[in-house]
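J.: quick one, what's the 3D model for this:
(2 chains)
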Amino acid sequence: KQEVTQIPAALSVPEGENLVLNCSFTDSAIYNLQWFRQDPGKGLTSLLLIQSSQREQTSGRLNASLDKSSGRSTLYIAASQPGDSATYLCAVMGPSGTYKYIFGTGTRLKVLA
Amino acid sequence: GAGVSQSPSNKVTEKGKDVELRCDPISGHTALYWYRQRLGQGLEFLIYFQGNSAPDKSGLPSDRFSAERTGESVSTLTIQRTQQEDSAVYLCASSQRRAETQYFGPGTRLLVL
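T.: This is a model prediction of the structure:
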């Protein structure tokens, strides 16, 4: 059974810092991994999707890497801003034959001005 | 274009009543997912529809839960004989095809008294 863990559970940093959020999963036979942000009281917004054949994806100040063999992904946020404050969730699709996402419990990020 | 919409946005019901939640996916999206998020917890997969294929119902917690989708249009999630533990935010997401970026609706907040 696929399990997804995110560390740390919460993080508070001053504005301008670069930071790394971690996601690990137990079954490496995945189709893809997706990073989302969730703002309080709202739905989820997809940030980056990495297919199983890819090593990383970049969008603006965000960079996500995937090491499928070790069951890990990291989300790197450069030059953090107060507007980045949210809960960040990673989700994996798979293993093979299943097309549902299993979500981690998230990292709650607060960027202080 | 329009995003994923869900209705109602909030629903308060009494224990034992049936409720019906609605999801309108993005037009042309063949895949549709339902998730549940209890307070302070992660997202739990409930059910997944892909085109006209048989849905993956493996996440439905009990036979009180059911969902329907006609073709590639609207989906309804029905909870019969609601219990207090059904209180949660129910989120719907759609994607153009399975294993692609998911777009989430704002959710329906269900409170069972």
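J.: which strand or helix spans the residue most central in space within chain B?
T.: Residue closest to the average C-alpha location in chain B (C-alpha atoms, centre = their mean): residue B:34, at 3.4 Å. Here residue B:34 sits within strand B:31-37, counting by DSSP states H and E.
J.: show me where chain B has strands.
T.: Assigned by DSSP state E, the strands in chain B fall at B:5-7, B:10-13, B:19-24, B:31-37, B:43-50, B:65-69, B:75-79, B:88-95, B:103-104, B:108-112.
J.: okay but residue A:27 is in contact with residue A:2, surely?
T.: Yes: look at residue A:27 against residue A:2 with C-beta atoms under 8 Å: they come within range, at 4.7 Å. Using the backbone N, CA and C atoms, a C-beta is placed for each residue, glycine as well.
J.: which of those two has more neighbours?
T.: Applying other C-beta atoms under 10 Å in any protein chain shown to residue A:27 and residue A:2 shows that residue A:2 carries more neighbours, namely 18 against 15.
J.: surely that one is in contact with residue A:94?
T.: Yes: between residue A:2 and residue A:94 there is a contact at 7.0 Å, judged by C-beta under 8 Å.
J.: contact residues of chain B facing chain A?
T.: Applying C-beta under 8 Å from any C-beta of the partner chain, one finds that chain B approaches chain A through B:4, B:31, B:33, B:35, B:41-45, B:48, B:50, B:56, B:58-59, B:91, B:93, B:98-107.
J.: which parts of chain A sit against chain B?
T.: A:31-32, A:34, A:36, A:42-46, A:49, A:51, A:89, A:91, A:93, A:98-106.
J.: okay, and which of these map to strands?
T.: A:32, A:34, A:36, A:44-46, A:49, A:51, A:89, A:91, A:93, A:101-103.
J.: got these as JSON lines, with pLDDT, distance to residue B:74 and neighbour count columns?
T.: Below are those laid out as JSON lines (pLDDT from 0 to 100; distance: C-beta to C-beta, whole Å; neighbours: other C-beta atoms under 10 Å in any protein chain shown):
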{"residue": "A:32", "pLDDT": "93", "distance to residue B:74": "26", "neighbour count": "19"}
{"residue": "A:34", "pLDDT": "96", "distance to residue B:74": "24", "neighbour count": "25"}
{"residue": "A:36", "pLDDT": "96", "distance to residue B:74": "24", "neighbour count": "26"}
{"residue": "A:44", "pLDDT": "91", "distance to residue B:74": "20", "neighbour count": "26"}
{"residue": "A:45", "pLDDT": "94", "distance to residue B:74": "22", "neighbour count": "13"}
{"residue": "A:46", "pLDDT": "94", "distance to residue B:74": "22", "neighbour count": "18"}
{"residue": "A:49", "pLDDT": "94", "distance to residue B:74": "25", "neighbour count": "21"}
{"residue": "A:51", "pLDDT": "92", "distance to residue B:74": "29", "neighbour count": "14"}
{"residue": "A:89", "pLDDT": "96", "distance to residue B:74": "26", "neighbour count": "24"}
{"residue": "A:91", "pLDDT": "95", "distance to residue B:74": "24", "neighbour count": "25"}
{"residue": "A:93", "pLDDT": "92", "distance to residue B:74": "24", "neighbour count": "22"}
{"residue": "A:101", "pLDDT": "91", "distance to residue B:74": "21", "neighbour count": "26"}
{"residue": "A:102", "pLDDT": "92", "distance to residue B:74": "26", "neighbour count": "24"}
{"residue": "A:103", "pLDDT": "94", "distance to residue B:74": "24", "neighbour count": "22"}
